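Chemist: when you get a sec, could you give me coordinates for this:
(one chain, ligands or ions: 1)
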Amino acid sequence: MFTLPLAAASLGVFLVFQVILIERRLATIPGPFLAKFTDYWKVYHLLKGDYGEALYWWHEHHGPMIRTGPRHISVGDANEVSRVYQIKPLLHKGNMYKGIIGWFKGKNVAGLEGMFDEVEHANVKRVIAPAFTWRSVLNYESHIDHSAGELIQNLQNRDIVDMNEWLSYWAFDSMNNIAFSSDLGFMRQATDIGGTLSTIRAVTSIWMYIFAFPTVFMWFAWAASFVVGPSGKLVSMCLNHVNSRMDSREKQNQVTGKEEDLLDVYIKARQEHQGLISHERVIGMTFTTLLAGADTTAFNLSWTVYYLLKNPATLHQLQTELDNALLAEALSYPPTLRDLSKLPYLDAVVKEGLRYALLLQLNMDRVVPNGGMDICGHHIPAGTTIGCHARVIHLDKGVYGEDAQDFRPERWLEASGEQRKLMERSGIWFGSGKHTCIGQHFARAKTMKALAMMFMKLEISDADETAKMVSGAK
Ligand code: HEM
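Modeler: Numbering: from 1, shown residues only. Okay, the predicted model is just below:
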């Protein structure tokens, strides 16, 4: 007779058999010895702050597949990026994303990046995506001009500036303008309003802890959301804007025909899809748009300016392109996005900045679906977490050339059409696949505009040539 102990024993044997099978499949993949049994190697390097460098070393010496934990594989072949982030069948987001879910009284109210339900994510993204196309970005050009103009004016009035700080002021004001048609006044007041940036930096400094122990942080944040309400200048500004705008739209019982800013887009989406987008979700999406859109753009532009200053020939080439375009009346001041899009060297500088800045310090993890999949000649069993790391992919010599370790925008101009497509397709600066950055056209537009206006109007040089930024490719 089939008894309970027998059933339990059979299940036990089955599970042990599965573990042995998976272990045998993953055992052929090289990696640190500890990674066979525990995630400690990864956690150790994440907390030490050199995970990207350590992983790059392993890939350089041991090939495109590295085992970083018992069920974690890092994929280092740029040609495989589109498969790791493929949509059919979809590879779901890995555990690491649990740490960035936004909670409100125990409810997940995160924006797209913190949504775990892939169907809900797809539906919400489909509804709001039209507001993020390049064509839509052109409608926000006056907002973008306004903030970039304010940045240039402020830089013009100062001899020595902390560029990182000013680019953060600019990025937050600019993102606020796009989201709410108004800003907090970082640049007007030349200060970190309400300690917003220092709070964000404090969170960023524990980022690696969050990603090292995502499940612990998720439960902690979930529990805290019952006792701690939304706080901080940025959050309260967000709440005020959303609540008062929603009230007035509801009183008018209408949505504007033409959206004025991203908040209008989100409110319209809620009114048209009540079951899909809750009031709290509108707040969550607005807040995370500010977070996802401001700091990333500031980080990327800071690195691009830094590399330009460290490579005077490249800077000279960019300045010559801008000067010649002005002389030929192909540019005005402020330059339009349409005119800037016709400048090949500027385009190459922006792309090289994205490739080289290495914003993401972790693998973007995905889980292998039922049936498993073949990657780089290995069969990876279902349930294994795989992911690509920006440092490994963006410095891949096979795709970006033998000098992939150097900041050299010319690579984008010299590449053949096919090669250029491969370089673009392999890059994960904006992610890849279903979760690709929705704000990438805003990021490109803002970066192009600020970069061009800076070097059209200002003579910028290094105040301290010995000073070095840390992280990044070099
Ligand atoms: C240079 C600037 C930027 C960089 C380098 C960047 C990078 C990224 C990356 C790598 C991802 C994918 C993350 C993953 O799959 O784990 C992402 C997602 C996202 N980004 Fe950006 N981003 C930038 C600017 C922006 C801007 C300006 C906005 C908003 C206007 C924005 C909003 C988002 C959102 C909402 C997601 C989640 C998308 C999804 O899950 O479907 N980002 N970004």
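Chemist: name the single longest helix found in the chain.
Modeler: When the chain is scanned for its longest helix (criterion: DSSP state H), the result is helix 279-310.
Chemist: give me the three-state assignment for the nearest residue to residue 331 once chain neighbours are set aside.
Modeler: Counting by C-beta to C-beta, 6 or more residues apart in numbering, the nearest residue to residue 331 once its immediate chain neighbours are dropped is residue 325, at 4.2 Å. Every residue, glycine included, has its C-beta placed from N, CA and C. Each residue gets one of three states, and residue 325 gets helix by DSSP: H, G, I helix; E, B strand; the rest coil.
Chemist: check what pLDDT residue 325 gets.
Modeler: We have a pLDDT of 97 for residue 325.
Chemist: what is the neighbour count of it?
Modeler: Residue 325 has 21 neighbouring residues, counting by other C-beta atoms under 10 Å.
Chemist: mind listing what it touches?
Modeler: Shown here is residue 325, whose contacts under the criterion C-beta atoms under 8 Å, 6 or more residues apart in numbering are 331, 339, 343.
Chemist: closest to residue 312 out of those?
Modeler: Sorting the contacts of residue 325 by how near they are to residue 312, with C-beta to C-beta, puts residue 343 at the top with 19.4 Å.
Chemist: check contacts around residue 39.
Modeler: By C-beta under 8 Å, 6+ apart, the residues touching residue 39 are 68-70, 72.
Chemist: let's go with 7 Å and repeat that
Modeler: Residue 39 sits next to 69, 72 when contact means C-beta atoms under 7 Å, 6 or more residues apart in numbering.
Chemist: please see if the longest helix of the chain touches the ligand.
Modeler: Yes - contact check for helix 279-310 against the ligand, using C-beta under 6 Å from any ligand atom: residues in range are 289, 292-293, 296-297, 300.
Chemist: also stretch 391-408?
Modeler: No - Stretch 391-408 stays out of contact with the ligand when judged by C-beta under 6 Å from any ligand atom, the minimum separation being 11.4 Å.
Chemist: can you list contacts of that stretch?
Modeler: Residues external to stretch 391-408 that are found in contact with it (C-beta under 7 Å, 6+ apart): 52, 55-56, 59, 74, 76, 78, 81, 307, 311, 352, 355-356, 358, 411, 422-423, 426-428, 473.
Chemist: about what we covered before: how about the longest helix of the chain: buried residues?
Modeler: With burial defined by 16 or more other C-beta atoms under 10 Å, the residues of helix 279-310 counted as buried are 280-309.
Chemist: does anything pack onto it? Which helices or strands?
Modeler: Counting contacts by 3 or more C-beta pairs under 7 Å, 6 or more residues apart in numbering; DSSP states H and E, the secondary-structure elements packed against helix 279-310 are helix 163-180, helix 233-252, helix 262-272, helix 312-327, helix 344-357, helix 440-457.
Chemist: for the ligand, find the nearest of those helices.
Modeler: Comparing those against the ligand with C-beta to the nearest ligand atom, the closest turns out to be helix 440-457 (3.5 Å).
Chemist: so what touches the closest one?
Modeler: Looking at what lies outside helix 440-457 - C-beta under 7 Å, 6+ apart - the contacts are 132-134, 137, 144, 148, 151-152, 156, 170, 174, 178, 293, 296-297, 300-301, 304, 318-319, 322, 326, 333-335, 337, 340, 346, 350, 430, 460.
Chemist: so does that helix get close to the ligand?
Modeler: Yes - counting by C-beta under 6 Å from any ligand atom, the ligand has neighbours in helix 440-457: 442-443.
Chemist: likewise for stretch 103-118?
Modeler: Yes - Stretch 103-118 reaches the ligand (C-beta under 6 Å from any ligand atom) through 111-113.
Chemist: would JSON lines of those with distance to residue 236 and pLDDT be doable?
Modeler: Conversion of the residues of stretch 103-118 next to the ligand to JSON lines gives the following (distance: C-beta to C-beta, whole Å; pLDDT from 0 to 100):
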{"residue": "111", "distance to residue 236": "18", "pLDDT": "87"}
{"residue": "112", "distance to residue 236": "23", "pLDDT": "91"}
{"residue": "113", "distance to residue 236": "22", "pLDDT": "88"}
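Chemist: between those residues, which has the most around it?
Modeler: Within the residues of stretch 103-118 next to the ligand, neighbour counts (other C-beta under 10 Å) peak at residue 111, which reaches 24 neighbours.
Chemist: ok so, going back, tell me what angle the longest helix of the chain forms with helix 262-272.
Modeler: Computed by axes from the mean of the first three to the mean of the last three C-alpha atoms, to 10 degrees, the angle separating helix 279-310 from helix 262-272 equals 150 degrees.
Chemist: just the buried residues of stretch 136-151, please?
Modeler: Buried residues in stretch 136-151, defined by neighbour count with 16+ other C-beta under 10 Å: 136-137, 140, 143-145, 147-151.
Chemist: rewinding a little: any idea which of the residues of helix 279-310 next to the ligand is closest to residue 87?
Modeler: Distance to residue 87 across the residues of helix 279-310 next to the ligand (C-beta to C-beta) is lowest for residue 292, with 21.0 Å.
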